[in-house]
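>>> Pasting the sequence and the predicted coordinates here, then a few questions.
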Amino acid sequence: MTLWRAVGWGWLLTAGAQGVAGAQPMLAPSPAAACLVAVPGSPPLLYPPDLLRRKDGGTVKVELRFRAADQAPKVNVLDEDRQILGALEDAVLKHVEHLRVPCMAAGSPDVVLRLDYVFVPNDGRKVVASQPRDQADRARREQLACITHVKGLKRPDYAALALRDDKQGNVYVRLRFEAPDQAPQLDVLAASRHTALVAEVRDFAAGLRMPCLGSQPVEQTQLFMFKIDGGARTVLNDISLVQLVGAARDLPAGVYFDLNTMQCPFSLRLGYFRPHGPNEVRSLDTHHPERQAFMDWLSQITLNLPDVRNTEVLGQTIAVEVPCGTVDL
């Protein structure tokens, strides 16, 4: 199968002979959600045997409030009709009491995470959990809107040396704002091998400020794409789910999704950022909550591409056609 192709035009609009496109700033993944772990030696979450025999399933939605790094969370079950959950809820409650957020700093505000645990009757091997979502992300995301540049710039310059050498490339960075009147810390997550492009991004980022920053640091990621009009592009093609799974690497085992319960067939839009951050995945039709755990799984898929090619396709968006059936890995 062909996942990418080199063409003489870009999926980006460039201005004149060359252009620098900056994708919209995205909130970086929550550090607290990323460091959520179970206490070593704690039992795994298992499907209650009696419910499995009866083929009873369901989704348990929980909100976990962590007050300290070494303490069990306070748990709030979010489902409206808790009576139908029964043993499923009990299994989840026993599991989440072993979860911790070890990266929490002493004296920091409470961390509130939301997770959905999906029990689908199959052969009993699999219970699927959504990615944890930090309830503080909404407020942090709103602060991204106030980012300004001290010189009023909108994007970096295109490095003259890179233009002379006819070099294009992507520079993907993480910016951490710790004070409203200071430049952010910058980490390069992935970049073209042409160092002049990285230098231009560093110079540009030194002028960024977040005047509305609150009491806690905010991290964002941003992709800068340096394109020359008429230059070759590596472009991802739209793809089917079967092709996407076949082209991925390091797929986790023990995954089960019943696509028949998700208003199938359907199409998803996937913005590719792996392995440096989660992919952006959204439905092209009306959002259906029963798809969330499946979409979270797709957000972690990394294509089996050489590092150079992978950097070239960061930020590209493709349609993924999802059929009816099951995903059983």
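Arrived safely, thanks for sending.
>>> so where's the protein uncertain?
Scanning the chain for pLDDT under 70 picks out 1-24, 80-85, 123-125.
>>> Scan it for its longest strand.
When the chain is scanned for its longest strand (criterion: DSSP state E), the result is strand 218-228.
>>> Could you spell out the sheet neighbours of it, each with its direction?
strand 18-22 (antiparallel), strand 26-27 (antiparallel), strand 169-177 (antiparallel) (DSSP bridges).
>>> How much space separates the spatially most central residue of the chain from Ala183?
For the chain, Pro278 is the residue whose C-alpha lies nearest the centre (CA atoms, centre = their mean; 2.3 Å). To Ala183, Pro278 is 26 Å away according to CB to CB, to the nearest Å. Yep, even glycine has a C-beta here, placed from its N, CA and C like the rest.
>>> ditto for Thr195
In terms of CB to CB, Thr195 sits 20 Å off from Ala183.
>>> Strands of the stretch 201-329 of the chain, start to end?
Residue ranges of the strands in the stretch 201-329 of the chain, as given by DSSP state E, counting those that start in this stretch, are 208-209, 218-228, 233-236, 239-240, 248-249, 256-258, 266-271, 280-283, 302-303, 317-322, 326-328.
>>> Let's have those strands in JSON lines, adding mean neighbour count and distance to Pro102.
Below are these laid out as JSON lines (neighbours: other CB atoms under 10 Å; distance: least, CB to CB, whole Å):
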{"stretch": "strand 208-209", "mean neighbour count": "19", "distance to Pro102": "31"}
{"stretch": "strand 218-228", "mean neighbour count": "22", "distance to Pro102": "18"}
{"stretch": "strand 233-236", "mean neighbour count": "19", "distance to Pro102": "36"}
{"stretch": "strand 239-240", "mean neighbour count": "17", "distance to Pro102": "37"}
{"stretch": "strand 248-249", "mean neighbour count": "13", "distance to Pro102": "28"}
{"stretch": "strand 256-258", "mean neighbour count": "21", "distance to Pro102": "29"}
{"stretch": "strand 266-271", "mean neighbour count": "17", "distance to Pro102": "30"}
{"stretch": "strand 280-283", "mean neighbour count": "16", "distance to Pro102": "28"}
{"stretch": "strand 302-303", "mean neighbour count": "18", "distance to Pro102": "25"}
{"stretch": "strand 317-322", "mean neighbour count": "18", "distance to Pro102": "34"}
{"stretch": "strand 326-328", "mean neighbour count": "14", "distance to Pro102": "31"}
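>>> Brilliant, that's me finished.
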